[in-house]
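Asks: let me see the structure of the following:
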Amino acid sequence: MSDAAIFDVLQANGILHGGPSDALSLELLTGGFWNRVYRLRSKEHSSIDWVVKQFVQVPVNPMFPILPTAECAALQFLEEKECAPKPIAFIADSSVGSLLVYEYVPGTSWNGDLEAAATVLGEGAAASPLMPLLAMLFASYRPNHRAAGTCR
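Replies: Numbering: from 1, shown residues only. This next block holds a predicted model:
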């Protein structure tokens, strides 16, 4: 998928406004497993330093489903707890697939430290013991329209 196609979808959905795409850079990041994850930066506006997660279509795996709407809902829920990146926009369906846009947070990729991952997950569960239940509820939700900035 070309950078231009992603820029076009973001502009068509009102997430990027005007300006030539050459004023923007889209860098493929490591990680993402099934999905593609990019860093989107503006060469002119420091306020645009985002991650664009492009969800790809893969065979359904009930053990490890890909749930873009649930991921967006989780980011929105965790935003007030200040323990996850701030969501910018969500596009449920587009010519390049579902896109989740959120603020870029500097750091390093996970290095395989299970103890550290368990600690972070424990902190999330402590923030809301209902988080696993919310994830299951949102997983069954099917949006009926596209809207930037919402999970619906």
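
Asks: burial of Leu29, as a residue count?
Replies: Residues contacting Leu29 under the criterion other CB atoms under 10 Å number 14. Quick note: C-beta positions are derived from backbone N, CA and C, even for glycine.

Asks: that one against Val51, yeah?
Replies: Yes - taking contacts as CB atoms under 8 Å, Leu29 lies within contact range of Val51: 7.4 Å.

Asks: joint contacts of those two?
Replies: Residues touching both Leu29 and Val51 by CB atoms under 8 Å, 6 or more residues apart in numbering: Val37, Tyr38, Arg39.

Asks: low-confidence regions, the chain specifically.
Replies: Low-confidence segments of the chain (pLDDT under 70): 1, 18-22, 124-152.

Asks: from the chain's centroid, how far away is stretch 109-126?
Replies: 19 Å (CA atoms, centre = their mean, to the nearest Å).

Asks: which element is the residue positioned nearest the centre of the chain on?
Replies: Compute the mean C-alpha point of the chain, and by CA atoms, centre = their mean the closest residue is Leu100, 3.4 Å away. Under the criterion of DSSP states H and E, Leu100 resides in strand 99-103.

Asks: mind checking how far the residue of the chain positioned farthest from its centre is from Glu123?
Replies: Computed with CA atoms, centre = their mean, the residue of the chain farthest from its C-alpha average is Glu115, at 24.3 Å. Computed as CB to CB, to the nearest Å, the Glu115 to Glu123 distance reads 13 Å.

Asks: now do Phe64
Replies: 22 Å.

Asks: who wins on neighbours among the shared contacts of Leu29 and Val51?
Replies: Going by other CB under 10 Å, Tyr38 tops the shared contacts of Leu29 and Val51 with 21 neighbours.

Asks: so what touches the helix or strand hosting that residue?
Replies: Tyr38 belongs to strand 36-42 when assigned by DSSP H and E. When contacts are defined by CB under 8 Å, 6+ apart, strand 36-42 is touched by residues 1, 6, 10, 23-29, 31, 48-54, 56, 101, 104.
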